[in-house]
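A.B. asks: what's the 3D shape of this:
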Amino acid sequence: LFAVLIVFIIEVVLLIRLGEREKKRWEELEVYARENQERLLFNYQKAMEKRGGNQDSCIWRLMPFCNPFGKVEEAMNYYALRCEFIRPRDKTRPGLPKDFRFDMYLSICMGEVLGDLVEISIRTWLCLEIFFALVYAVSYLPLYAIVLVYFIFGWFLFGWMLLISNTMNRIKLQLIPRINIHATVNESSNLLSQDLFSPPKYLNKKLERRTAIGRYLKGEPANKHQLLFTLADRKGPE
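C.D. replies: Numbering: from 1, shown residues only. Modelled structure (predicted):
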């Protein structure tokens, strides 16, 4: 139980630090998107002309932190999402002012998500207890067996993290509108115009009825967003 509590404390501290880092990064991107739009587009065009500057590559989906042009693409992703948010494609929905603080909105949403993550469910407590019980049982094995078990477990975690990274980045790229890299900016061109962006790829998905097994395990998909998540909840927003 003590080890579980230590893990819980470490998780809370890491989530707080992660939240602070992301909030600061969003503030920088917000200023960049509102005040340096020409420079943003110029840097993105240059990055796309160079070899390796493509976030759709499998290697960069697995290890985005190694992408040499990751910061440039991240800035353009933020700008594209901001444009999509304040100027909805659905003309029946009202838009937002150009000076809307999208970074503050994201920070509020992140705070709610982190709050949910900190609240550990009974299922998670049970899994942790079983995990530490298994660790304790492994300690009674011979030394070579202990080394082998931890070696296999370490590679398993590495593969699991790569799978999560690839899945999350695939979902992110499906949600982000893509800009035409040949677009130009001048005094009469408004970067907030959606003519410069192609619709997010997830909009091309068809909201089809799941099989009987799929309906039993996941229920019917509530919307196209939910189709992006392999292990989506049974119920989602309409």
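
A.B. asks: from now on I want contacts and neighbour counts done on CA atoms only, so please keep to that.
C.D. replies: Fine.

A.B. asks: look up how far Leu162 lies from Arg17.
C.D. replies: The spacing between Arg17 and Leu162, counted by Cα to Cα, to the nearest Å, is 22 Å.

A.B. asks: between the two, which one's more packed in?
C.D. replies: Using other Cα atoms under 10 Å as the criterion, Arg17 and Leu162 rank with Leu162 on top: 15 against 12.

A.B. asks: and the more buried one, what does it touch?
C.D. replies: Residues counted as contacts of Leu162 (Cα atoms under 8 Å, 6 or more residues apart in numbering) are 62-63.

A.B. asks: let's test this: mean pLDDT of stretch 18-35, rounded?
C.D. replies: Stretch 18-35 comes out with an average pLDDT of 87.

A.B. asks: over to stretch 99-119?
C.D. replies: pLDDT averaged over stretch 99-119 gives 84.

A.B. asks: which outside residues touch that stretch?
C.D. replies: 11-12, 15, 19, 23, 26-27, 30, 34, 82, 86.

A.B. asks: highest neighbour count among those residues?
C.D. replies: Neighbour counts for the contacts of stretch 99-119 (other Cα under 10 Å) peak at Glu30, which has 22 neighbours.

A.B. asks: what's the local residue count around the closest residue to that residue other than its chain neighbours?
C.D. replies: Distances taken as Cα to Cα, 6 or more residues apart in numbering put Asp103 closest to Glu30, at 6.1 Å, once the chain neighbours are dropped. Using other Cα under 10 Å, Asp103 is surrounded by 21 other residues.

A.B. asks: repeat that for Ile152.
C.D. replies: A count of nearby residues for Ile152, using other Cα under 10 Å, gives 11.

A.B. asks: do you know how far the residue of the chain most remote from its centre is from Trp155?
C.D. replies: No residue in the chain sits farther from the centre than Pro142, which is 41.6 Å out by Cα atoms, centre = their mean. Pro142 is 20 Å from Trp155, where distance means Cα to Cα.

A.B. asks: how about Trp60?
C.D. replies: Separation of Trp60 from Trp155 (Cα to Cα) stands at 20 Å.
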